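Visitor: predicted structure and sequence below. I'll ask about it afterward.
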Amino acid sequence: MTLPTPPYQLDMPDAEVWYYPRFFSTEASKAYYLELLQHIPWKADKVRMFGKWIDQPRLTALHAINSNPYTYSGLTLYPEPFTPALQQIHSKLQEELKESFSSCLLNLYRNGNDSNGWHADDEKELGKNPSIASISFGQDRIFHFRHKTDRHLKKRIVLEDGSLLLMKGTTQHHWQHQLPKSKKPMQPRINLTFRNIL
Ligand SMILES: O=C(O)CCC(=O)C(=O)O
Ligand SMILES: [Fe+2]
């Protein structure tokens with residue numbers, strides 16, 4: 001029986017970001033990865049960028065306990081209910097963090113060519129200082145932060161299988177984040193971001 005690794009806070013001014021390396025065991029992560037890969041209705045939705053509709057460089061899905069839609073980059077998503085796996089993950093998250101989340105935006109990065117460009121999760125339906133709990137299953141991927149005004153403030157972290165990254169407080173006001181492409185061969189990665197969509 002190995003003890004869980006405690007979370008640590010990233011050294012970032014104007015932000016509150018916590019990393020929990022083994023939030024899920026290797027076994028649980030593998031089981032959730034396979035389950036979600038098969039049973040989530042992954043979609044290739046287009047977003048609006050510089051006046052054009054373009055494919056997102058990843059597949060996505062939205063699941064929630066309510067029916068509130070989520071709009072970003074000109075795309076409005078209407079949620080499906082939580083699957084049994086999402087219900088389990090959601091319960092563990094709420095119990096351990098003592099916070100509640102209504103919705104889960106899921107990303108499937110099929111290979112190193114899939115990515116998520118610079119953005120902040122600052123849509124108004126997320127509320128003023130949103131808590132966003134981001135879970136990773138599968139391939140380890142690099143994740144970057146950059147400060148919005150002080151551009152030489154940067155942070156790089158590897159998001160490992162079974163990890164949780166918690167962004168809260170003023171993080172989305174002052175920082176952007178991205179998941180860059182990689183030239184190395186990459187297996188798929190599933191990312192779950194739990195949020196409150198009001
Ligand atoms: O895949 C990730 O780790 C990040 C996802 C993300 O930033 C988002 O969906 O808003
Ligand atoms: Fe994000």
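Guide: Thanks, I have it. Numbering: from 1, shown residues only. Ligands and ions are numbered 1, 2, ... in the order given.
Visitor: taking this structure, what residue is nearest to ligand 1?
Guide: Nearest residue of the chain to ligand 1: residue 191, at 3.4 Å (CB to the nearest ligand atom). C-beta: built from backbone N, CA, C; applies to glycine.
Visitor: neighbours around that residue, how many?
Guide: Residue 191: 22 surrounding residues under other CB atoms under 10 Å.
Visitor: tell me who's in contact with it.
Guide: 106-109, 134-137, 159, 179 (CB atoms under 8 Å, 6 or more residues apart in numbering).
Visitor: run the last query once more with 7 Å
Guide: By CB atoms under 7 Å, 6 or more residues apart in numbering, the residues touching residue 191 are 106-107, 134-136.
Visitor: just the buried residues from those, in PyMOL please.
Guide: Entered in PyMOL, the line below selects the buried ones among the contacts of residue 191, by 16 or more other CB atoms under 10 Å:
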select buried, resi 106+107+134+135+136
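Visitor: hmm, back to that, which secondary structure element is home to the residue of the chain closest to ligand 1?
Guide: Using DSSP states H and E, residue 191 falls within strand 189-195.
Visitor: strand partners of that strand, parallel vs antiparallel please.
Guide: strand 103-109 (antiparallel), strand 132-138 (antiparallel) (DSSP bridges).
Visitor: tell me the mean pLDDT over it?
Guide: For strand 189-195, the mean per-residue pLDDT is 98.
Visitor: C-alpha coordinates for it, CSV please?
Guide: Extracted C-alpha coordinates of strand 189-195, given in CSV (Å, rounded to 0.1, in the frame of the first residue of the first chain):
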residue,chain,number,x,y,z
ARG,A,189,-4.3,11.4,-23.6
ILE,A,190,-7.7,12.1,-22.0
ASN,A,191,-8.2,15.3,-20.0
LEU,A,192,-11.2,16.1,-17.8
THR,A,193,-11.8,19.6,-16.7
PHE,A,194,-14.4,19.9,-14.0
ARG,A,195,-15.9,23.4,-13.7
